[in-house]
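J.: The sequence and its predicted three-dimensional model are supplied below.
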Amino acid sequence: MKRTPKAAVFNDLTGYGRCSLTVAIPTLTNMGVCCCPAPTAILSNHTGFERFFMVDFTDNLQGYIDGWREQNIRFDCVYTGFLGSERQTTILEPYLEECRRAGALLVVDPVMGDQGALYQCYTEEMIRGMRRLIAQADIITPNFTEACFLLGREYEDTVSDEKMRDYLRQLADMGPATVCITGVAQDDGNANWGYDRATGEYVKSPFSMLPVHYSGTGDFFCSLLVGYVLHGKPLSWSLNRIGELITKAVSMTYEMGTPILEGVLLEPLFQEETLLKLPR
């Protein structure tokens, strides 16, 4: 039997409103990847709600990592999402380097903001910390807002293909071999973009946009990409398949009248779709 790959996933654990670890765990499990969660914060419900309870896990993160070290636990992939403080980036830097030397794939989803603005908890120090993390990564998956902040560029409502290629190259020059930028609004519609520095391949994957925004779609994107890469799927096929799945999940969520704060529905999607369907 084929060995099950293991992925350590550093992200917040939010009890209500599908996002972060509650999206990554079922997605990776569905794709035949053992998801090993490492909480960066614990929330009663996500920050889109007017009120929420939150425990910052920064003071416990080093001990959590040391617990894995003491047991000599090794991972095929280390995947980071929302980080609750600049100190968390400092804690993760040497651990990512250690995992790289052991042969792990490093994936950084630089969760910092959306729709042209940073999340309230983010600071300039945290942006600098995130730049250090992406320098170590093999793959990064910023949305367009996050790509602009990482590059120090002004956010634009729409952007040309030429500028997207430029942004992808500049991000790859910061360290990662593969760059994916999600949720890009362009004159001819919306698209996810990818770039493979080794081959010079650019991928533009258009998708249909509904007039609604659910939490968890970015986490779903990155988790799907991690699963496909660990199973050897090519970048262009992966981005197109991910676009299909997210579009279907958002459409189902919208058609069922799901309250926006509940996040994107995955349960009915998983009943209908085989996430590891072979390339067409």
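T.: Now that the structure is in, tell me what you want to look at.
J.: how about stretch 126-134: buried residues?
T.: If you call a residue buried by 16 or more other CB atoms under 10 Å, then stretch 126-134 has these buried ones: 126-127, 129-131, 133-134. No exception for glycine: its C-beta is placed from N, CA and C like everyone else's.
J.: ditto for stretch 255-262
T.: Neighbour counts over stretch 255-262 (16+ other CB under 10 Å) mark 258, 262 as buried.
J.: Cross-check the contact I'm expecting between L245 and L269.
T.: Yes: contact criterion CB atoms under 8 Å: L245 and L269 qualify, at 7.0 Å.
J.: Mean confidence (pLDDT) on whichever strand or helix holds N11, please.
T.: Assessed by DSSP states H and E, N11 sits inside strand 6-14. Averaged across strand 6-14, the pLDDT comes to 98.
J.: So what touches it?
T.: Under the criterion CB atoms under 8 Å, 6 or more residues apart in numbering, residues 19-22, 24-25, 28, 33-46, 68, 74-84, 88, 92, 99, 111, 219, 226, 230 lie in contact with strand 6-14.
J.: So which bits of the next helix or strand after that strand are buried?
T.: Per DSSP H and E, the first helix or strand lying C-terminal to strand 6-14 is helix 21-30. Neighbour-count burial for helix 21-30, counted by 16+ other CB under 10 Å, picks out 21-28, 30.
J.: next one: stretch 154-165
T.: Buried residues in stretch 154-165 (16+ other CB under 10 Å): 159, 164.
J.: Pull the residues that contact the lowest-mean-pLDDT helix or strand in the chain.
T.: Within the chain, confidence by mean pLDDT, DSSP states H and E is lowest for strand 117-118 among all helices and strands, at a mean of 88. With CB under 8 Å, 6+ apart as the test, strand 117-118 has contacts from 112, 127, 145, 149.
J.: Relative to the whole chain's centre, how far out is it?
T.: Remark: strand 117-118 is offset 17 Å from the chain centroid, using CA atoms, centre = their mean, to the nearest Å.
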